[in-house]
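# Output the structure for:
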Amino acid sequence: MDGSAVEAITQIALALHTQPDTDATVQAVADIAPAMVGADHAGVMLVYGRQRVEIAATTGPIADRADQLQLELGEGPCLSAIEVGATFLIPDTRSEPRWPRWCAEVSELGIGSVLSIRLATDESKVGALNLYANTPNRFSDPDDVVVGQILGRHASIALDSARQLDTLYQAVDGRTVIGQAQGILMERFDLDADQSFAVLRRYSQQTNTKLGEVARKLVATRQLPQWAQ
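A predicted model of the protein is given here:
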């Protein structure tokens, strides 16, 4: 890997870390990755919770369908990369024995070779990056795998950080809205802070609605639940 490739990866890492949120970061990963290894399409899957895997971003319909087929069939290099924490290379989808059903389907889509790279930090599984090429043996240069793995590492850190920030912002926003809703109740009904929170919580439980959503609706409409009026 020459100096220009190192510089390109450095610039890409900086670009990933300056995205405003998780959605923008994951789409940037998908958009940037193909040019780094000579792929034609790319997709990113993310892990939610302990088990759920979802398509988070793709570069177009071919990558989207290839990723969707992995979820439908329950097999494929991306799912295996997430499960075992490894990189998987498929030189030729027409002769790959490890995921026969998936390879047969994506070969019909015009995909000839695949490079799937796990996305993970020391603390968590993040997901996987799928790189698709229209011809076989596209990723035969060892540097392609190395560059893909380095990109995957930078993408993992950027995505993990973005998701943590999203969670933090949501928590702060939720607390702010709940406080605003409490203020409305305190003014309307001459309640104290504990009493106003109890009103919100009771309505949340009775309507099976998240507390934050109850608060947002109250703040947005300034309308109180009928039973509370």
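# For this structure, identify the residue most remote from the centre.
For the chain, the residue at maximal distance from the C-alpha centroid (C-alpha atoms, centre = their mean) is residue 190, at 44.5 Å.
# need the next SSE after the helix or strand containing residue 72, C-terminal direction.
Here residue 72, judged by DSSP states H and E, is contained in helix 61-73. Heading C-terminal from helix 61-73, the first helix or strand you meet, by DSSP H and E, is helix 77-84.
# Packing partners of the longest helix along the chain?
Longest helix in the chain, counting residues (DSSP state H): helix 142-189. Helix 142-189 sits against helix 3-17, helix 22-37, strand 113-120, strand 125-133, helix 193-207, helix 211-221, with contacts defined as 3 or more C-beta pairs under 8 Å, 6 or more residues apart in numbering; DSSP states H and E. (C-beta placed from N, C-alpha, C; glycine too.)
# Worst mean pLDDT among those?
With a mean of 72, helix 3-17 has the lowest mean pLDDT of these.
# Could you look up the SS state of the spatially most central residue of the chain?
The residue lying closest to the centre of the chain (C-alpha atoms, centre = their mean) is residue 46, at 4.1 Å. For residue 46, the assignment made with DSSP: H, G, I helix; E, B strand; the rest coil gives strand.
# Distance-wise, check residue 52 relative to residue 76.
Taking C-beta to C-beta, to the nearest Å as the criterion, residue 52 is separated from residue 76 by 16 Å.
# okay, those two: which has more neighbours?
More neighbours surround residue 76 than the other of residue 52 and residue 76, with 28 against 8 (other C-beta atoms under 10 Å).
# So the more buried one versus residue 101, what's the distance?
9 Å.
# for residue 194, same thing?
58 Å.
# who's more crowded, these two?
residue 101 (13 against 8).
# Just name whatever secondary elements the helix or strand harbouring that one is in contact with.
Take DSSP H and E as the rule and residue 101 turns out to sit in helix 100-109. Under the contact definition 3+ C-beta pairs under 8 Å, 6+ apart, helix 100-109 sits against helix 61-73.
# Show the average pLDDT along the helix it packs on.
On average, the pLDDT along helix 61-73 is 98.
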